[in-house]
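1. For reference, the sequence and a predicted model appear below.
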Amino acid sequence: MTVETLRYGDRETDYRVASADRLTEKILIHVHPNGDVEVEAPPNREAADIKVAVQKRARWIFENLDSAKDTQTYALPREYVGGETHFYLGRRYRLLVRAEPKAPSSVKLVRGCIEITAPVADKAAVKRRLLQWYRVRADDYFQRRLDHIVAGLEWITDPPPMKMMYMERQWGSCSPVGSINLNVALIRAPRHCIDYVLLHELCHLREHNHSKKFYALLHKHAPDWVATKAELDGLAELLLVE
Ligand SMILES: [Zn+2]
């Protein structure tokens, strides 16, 4: 194993290079949540070759390092105060809190901000309104995505009933009677991640467990589901925190 340094613009990071017998062609780069960068290469690859391959992915590596750092910063319980970062459909928004005794309560998306107006804008009130707003948005958005996805699946004629709840560590589940439960917090994820969870649960309407047949079905309708799942797993800590 060797340690190398990657430079990109004015940034630099160290990375470990290990040779992996199971690899024949590909060089694999991993950016771990703690900020470690690890490169796996086939045993016969030249060091210079590996360096070039890593340099080519420099931008991607630093983007992933930034999001790993975000996770450490943002995966903390929220305070529900102005200036805080909150997520919606994969984007980050700044929370703007306005206490207005006479104005009606509202939650709005305004230029990169989630703006909450309430007569009393303490932590409990802001949290309640924001979580309510996510639920209303999720209800509408998930239903539209569900209708869209169902239209392309031959084993379903009508969209199944959908129930929404806040869950601690699960994005969705499928009940034996054929209804789909979804975590409201999924509305914080990017659309392709939402679609993946919906499709996963819809596949369970035909294949009830995680059998080979189930994964074949999933793969047929979402060939890149592995990458999407990995992305969602990586975001989980950030999106499930309240
Ligand atoms: Zn499943």
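-> Arrived safely. Residues are numbered from 1 along each chain as shown.

2. Name the helix or strand for residue 139, please.
-> Using DSSP states H and E, the secondary-structure element containing residue 139 is helix 123-150.

3. Correction: the previous question concerned residue 158.
-> In this structure, residue 158 is located outside every helix and strand according to DSSP H and E.

4. how far away is residue 115 from residue 107?
-> Using Cβ to Cβ, to the nearest Å, one obtains 7 Å as the distance from residue 115 to residue 107. Bear in mind the C-beta positions are built from the backbone N, C-alpha and C, glycine included.

5. ok, residue 80 - contacts?
-> Under the criterion of Cβ atoms under 8 Å, 6 or more residues apart in numbering, the neighbours of residue 80 are 95, 97, 123, 126, 127, 130.

6. helix or strand for residue 48, which one?
-> Judged by DSSP H and E, residue 48 forms part of helix 47-56.

7. who are the neighbours of the helix or strand containing residue 231, in terms of helices and strands?
-> Element membership for residue 231 (DSSP H and E) is helix 225-240. Other elements packing on helix 225-240 under the criterion 3 or more Cβ pairs under 8 Å, 6 or more residues apart in numbering; DSSP states H and E are helix 58-74, helix 191-204.

8. Show me how far stretch 137-146 is from its chain's centre.
-> Using Cα atoms, centre = their mean, to the nearest Å, we find the averaged C-alpha position of stretch 137-146 to lie 17 Å away from the chain's own average C-alpha position.

9. buried sites along that stretch?
-> Neighbour-count burial for stretch 137-146, with 16 or more other Cβ atoms under 10 Å as criterion, is recorded at 137, 138, 141, 142, 145, 146.

10. that older thread, list the buried residues of the helix holding residue 48.
-> For helix 47-56, burial by neighbour count (16+ other Cβ under 10 Å) applies to 50, 53, 54.

11. what about residue 172, neighbour count?
-> The burial count assigned to residue 172 is 21, neighbours taken as other Cβ atoms under 10 Å.

12. That one against residue 179, yeah?
-> No. Under the contact definition of Cβ atoms under 8 Å, residue 172 does not touch residue 179, with a separation of 11.1 Å.
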